[in-house]
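Participant: Next come a sequence and a model predicted from it.
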Amino acid sequence: MKPASATPAQKKLAAQVEKIVGATPVTDIHTHLYDPAFRNLLAWGIDDLLTYHYLVAESFRHCTMPYEKFWVLPKARQAELIWQELFIENSPISESCRGVLTTLQALGLDVKKRDLPALRAWFARQKPDEHAARCLELAGVASICMTNSPFDDLERPLWERGFRRDKHFTAALRVDPLLVAWPEAAPRLAKWGYATTPALNQKTISEVRRFLADWTRRIQARYLMVSLPPHFQYPGPDDGAQLIERAVLPHCREFNLPFAVMPGVKRAVNPQLQMAGDGVGLSNLTTLQNLCAANPENKFLATVLARENQHELCVLARKFRNLHIFGCWWFLNVPSLIDETTRMRVELLGLSFTPQHSDARVFDQLIYKWRHSRRVITDVLLEKYSDLAATGWTVTPAEIGRDARHLFGGAFEEFCRR
Ligand code: FIX
Ligand code: ZN
C-alpha cells in the first residue's frame with residue numbers, strides 16, 4: 001500500500017515498478033500442465049478449477065459425506081458440492097477459493113451472481129486452444145515447464161509415439177518412482193526393455209542410466225526432478241540415495257542438466273483424501289548440503305515444502321553456487337508466506353533465485369497464481385528499491401526490467417546454461 005504522504009519521486013518509482021514487473025513475461029519453471037497434444041490430460045474450466053485438490057481438502061473441513069461416496073461422484077457433482085460448501089455456505093476467503101474468483105474475474109465473468117450453471121455455460125462455449133492462449137496472455141506467461149513421468153501410463157504412450165511439440169511447453173523428467181519406490185520401479189523398467197534387477201548391481205545401474213538417457217533425449221528434458229519425504233538421507237545405503245549417487249548425478253553431469261529436489265512432502269497422510277491427502281514435514285537439509293558439497297560438478301534446483309526450512313535453505317544457497325532455489329511450493333503458495341519467503345530470499349540472496357513457479361494443474365489457474373504472486377513480488381521489490389533510494393542509489397527503468405526478467409526466469413536460464 002502506498003502511503004498518502006509519498007513524495008513525487010516515491011510515487012514515480014512505485015508506478016514504474018508496478019508497470020514493469022506487471023508486464024514482464026514469466027517462464028513458469030514447474031507446473032503440472034501439458035502440451036495441447038496430450039488432449040486427454042488437459043484440465044481447464046470451472047469444474048476442473050473447483051475440483052482442484054487444494055479445494056477438495058478445504059471442502060472436507062465442512063463436508064461430512066463419507067470420502068468414498070464423494071470419490072464415486074462424477075466430476076460435475078463433486079464441483080457442485082465444493083461450490084456449495086466453500087463459496088455459498090461460507091465466504092471464499094482461502095487463497096485457493098480467492099484464486100478461482102480472481103481467475104473468473106480476469107476472464108470477464110461476473111462472480112457476484114454466484115451462478116454456477118451460468119459459469120459452466122460460458123466455459124462450454126470456449127474453444128480449448130483459444131482459451132489456453134487467453135489464459136497465457138492474462139497470466140503473462142511465455143513458457144511453461146511440464147512435469148513428465150515415464151511411469152505415467154497415460155503420458156508414456158504419447159511420448160513413445162511422438163508428436164509435434166508446442167513452442168510454449170518445455171519438459172522436465174520426473175523420477176519419483178525410480179528413487180522412492182525402486183522395488184516396484186525395477187520390474188517396470190525390465191518390462192520396457194532395460195535389463196534391471198531389484199539388486200543395484202553394475203549392470204542395473206548402467207541400464208538405469210540408459211533409461212534416463214533415452215527419456216532425456218525423447219522429451220528434451222530441461223532438468224530431472226524428484227519430490228522427497230522429509231527424512232530422506234544422502235549419502236546413504238538406501239536404494240534412492242544409491243541411485244542418485246550412481247545413476248542420476250552422473251547422468252545429469254553427462255547431459256549438463258540440473259537435478260531438482262523437492263524435500264518435505266509426506267505422501268498420503270490421509271489416503272482417503274486421495275491426491276488431496278499429502279502433508280508436510282520438516283526436512284533434514286543436511287541431505288541437500290551433502291548433495292551440493294559432494295557433487296560440485298552437479299547443479300541442483302531446490303524448493304522445500306516446510307516454512308520452517310526456508311531460512312536454512314537460503315543460507316545453503318549462499319554457500320553453494322551449484323544450488324538455485326525456486327518457488328513457494330504448495331502450502332507455501334499463499335500471500336503471507338510468499339511475502340515472508342521472498343523478502344527473506346531477496347535480503348539474503350539478492351536476485352540469484354527464482355521466487356515463484358505456479359504448480360498449476362488447471363490451465364486457468366495460471367491467471368491467479370501469477371497475478372497473486374506478481375502482486376507480492378512487486379511490493380517486495382518496491383520496498384527494496386525504496387530502501388536503496390534512501391541511500392541515494394536510484395534504479396533506472398532499464399535496471400528494474402533487467403531485475404524482473406531475472407526473477408521471472410532469467411536467473412533460472414542462466415543457471416541451466418552454466
Ligand atoms: O510433487 C509435486 O510436484 C507437487 O507439486 C504435487 O504433487 C502436488 O500435488 C501439487 O499439486 C502441489 O501444488
Ligand atoms: Zn508440483
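Facilitator: Yes, it's here. Ligands and ions are numbered 1, 2, ... in the order given.
Participant: Tell me how far G279 lies from P230.
Facilitator: 10 Å (Cβ to Cβ, to the nearest Å). Every residue, glycine included, has its C-beta placed from N, CA and C.
Participant: Ignore what I typed, I meant N148.
Facilitator: Applying Cβ to Cβ to N148 and P230 gives a distance of 25 Å.
Participant: which residue ends up closest to the midpoint of this protein in space?
Facilitator: D359 (3.1 Å; Cα atoms, centre = their mean).
Participant: ok, which residues in the stretch 301-418 of the chain are in contact with ligand 1?
Facilitator: W330, D359, R361 (Cβ under 6 Å from any ligand atom).
Participant: Oops, could you answer that again for the chain instead?
Facilitator: Neighbours of ligand 1 within the chain, by Cβ under 6 Å from any ligand atom: H32, T147, S227, M275, W330, D359, R361.
Participant: between N148 and P230, which one's more packed in?
Facilitator: Set N148 next to P230 and count neighbours by other Cβ atoms under 10 Å: N148 wins out with 24 against 20.
Participant: downstream neighbour of the helix ranked longest in the chain in the secondary structure list?
Facilitator: For the chain, the longest helix by residue count, based on DSSP state H, is helix 365-389. As assigned by DSSP states H and E, the chain's next helix or strand after helix 365-389 is helix 397-405.
Participant: Now the next helix or strand after that next one: average pLDDT?
Facilitator: Toward the C-terminus, helix 397-405 is succeeded by helix 411-417 as the next helix or strand (DSSP H and E). Per-residue pLDDT over helix 411-417 has a mean of 98.
Participant: What of stretch 177-193?
Facilitator: Across stretch 177-193, pLDDT averages out at 98.
Participant: Buried residues, it. List them.
Facilitator: Buried residues in stretch 177-193, counted by 16 or more other Cβ atoms under 10 Å: P177, L178, L179, V180, W182, A185, A186, R188, L189.
Participant: now stretch 384-392
Facilitator: Within stretch 384-392, the residues scored as buried using 16+ other Cβ under 10 Å are K384, Y385, S386.
Participant: Over to stretch 5-21?
Facilitator: Neighbour counts over stretch 5-21 (16+ other Cβ under 10 Å) mark Q10, L13, A14, Q16, V17, E18, I20, V21 as buried.
Participant: cool, stretch 369-381 as well?
Facilitator: Per 16+ other Cβ under 10 Å, stretch 369-381 contains these buried residues: K369, W370, R371, H372, S373, R374, V376, I377, T378, D379, V380, L381.
Participant: ok, now stretch 118-136?
Facilitator: L119, W122, F123, H131, A132, R134, C135, L136.
Participant: quick revisit: report the angle between the longest helix of the chain and helix 397-405.
Facilitator: Per axes from the mean of the first three to the mean of the last three Cα atoms, to 10 degrees, the angle that helix 365-389 makes with helix 397-405 is 130 degrees.
Participant: any idea of the mean pLDDT for helix 365-389?
Facilitator: Averaging pLDDT along helix 365-389 yields 98.
Participant: what helices or strands is that helix leaning on?
Facilitator: Here helix 365-389 touches helix 8-23, strand 26-28, helix 95-106, helix 128-139, strand 141-145, helix 335-349, helix 397-405, going by 3 or more Cβ pairs under 8 Å, 6 or more residues apart in numbering; DSSP states H and E.
Participant: Now do that helix against helix 8-23, angle only.
Facilitator: Interaxial angle, helix 365-389 versus helix 8-23 (the same axes, to 10 degrees): 150 degrees.
Participant: any idea how far helix 365-389 is from the chain center?
Facilitator: With Cα atoms, centre = their mean, to the nearest Å as the basis, helix 365-389 stands 18 Å off its chain's centre.
Participant: Thanks again, I'm all set now.
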